[in-house]
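Undergrad: sharing a model prediction with you, sequence too.
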Amino acid sequence: MRRLLLATRNEGKRRELAALLEGLDVQVLSLREVGDVPEVVEDGATFADNAIKKAREVAAATGLPTLADDSGLEVDALGGAPGVYSARYAGEGASDAANNEKVLAALHGVPAAERGARYRVVLALHDPSGPLGATPHLEHGVCEGRIREVPAGQGGFGYDPLFEPVGFDCTMAELDATRKNRISHRGQAMALLRRFLESYLTRGLSP
């Protein structure tokens, strides 16, 4: 069975990615299972920049084919913020609750019709010893929605208690994992990556 390392320490994100890879002939590993891997500084200007940087640095440090992602929330009324700063919108090491509170404060008084937002993700698969070589394979996903005025739901992570996807009358945090994975930005990108991996596994990824 081929090994694939998920370059994240975010447990919620790791669970989602691993679930979306179920059924493939890969052993999914997390950073917690491969020893001391240096923290990657996410200083890119775009989600793609950060995903590629993480995938390359973690693959170089571990020698394993690596799947990294960068994702975040873009709020129209905030000019696309928090964007690449989503995980640290309220400061380095900020909790999900603190980030959510800052978004709500920034949107205070903004009417429902102007609270449009989207989740965006870029996945980067780096397998430098395989057929991909030095060029990571990228997949993209977007989930449109709006920001609620009051958080709701206990599931998910990040901004899920605030984010109401288009076509739903509940937040992402109120959806079960199966429905969330079907509509989410990460679910869309992972569906594309699965199709790529089904072919790629016949010729790539370290054993």
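TA: Happy to help now that I have it.

Undergrad: nearest spatial neighbour of the residue positioned nearest the centre of the chain, skipping sequence neighbours?
TA: Nearest residue to the geometric centre of the chain (Cα atoms, centre = their mean): S71, 4.3 Å. In space, and not counting its chain neighbours, S71 is closest to V121: 3.7 Å by Cβ to Cβ, 6 or more residues apart in numbering. Quick note: C-beta positions are derived from backbone N, CA and C, even for glycine.

Undergrad: before we move on, the earlier item: so the residue nearest to the centre of the chain makes contact with R118?
TA: No - with contact defined as Cβ atoms under 8 Å, S71 does not reach R118; the gap is 10.7 Å.

Undergrad: now do the shared contacts for those two.
TA: Residues within reach of S71 and of R118 at once, by Cβ atoms under 8 Å, 6 or more residues apart in numbering, are H185.

Undergrad: need the nearest residue in space to R203, chain neighbours excluded.
TA: R203 sits nearest to P131 (Cβ to Cβ, 6+ apart), 5.6 Å away.

Undergrad: what about the nearest residue to D70 once chain neighbours are set aside, how many neighbours?
TA: Of all residues not flanking D70 in the chain, N50 sits nearest, at 3.8 Å (Cβ to Cβ, 6+ apart). When neighbours are defined as other Cβ atoms under 10 Å, N50 has 23 of them.

Undergrad: N50 - that's part of a helix, no?
TA: Yes - counting by DSSP: H, G, I helix; E, B strand; the rest coil, N50 falls inside a helix.

Undergrad: verify the contact between it and G72 for me.
TA: No - contact between N50 and G72 fails when scored by Cβ under 8 Å: they sit 9.4 Å apart.

Undergrad: tell me the first helix or strand C-terminal of the helix or strand bottoming out on mean pLDDT in the chain.
TA: Within the chain, judged by mean pLDDT, DSSP states H and E, the helix or strand with the poorest mean is helix 11-20; its value is a mean of 78. Moving toward the C-terminus from helix 11-20, the next helix or strand (DSSP states H and E) is strand 26-30.
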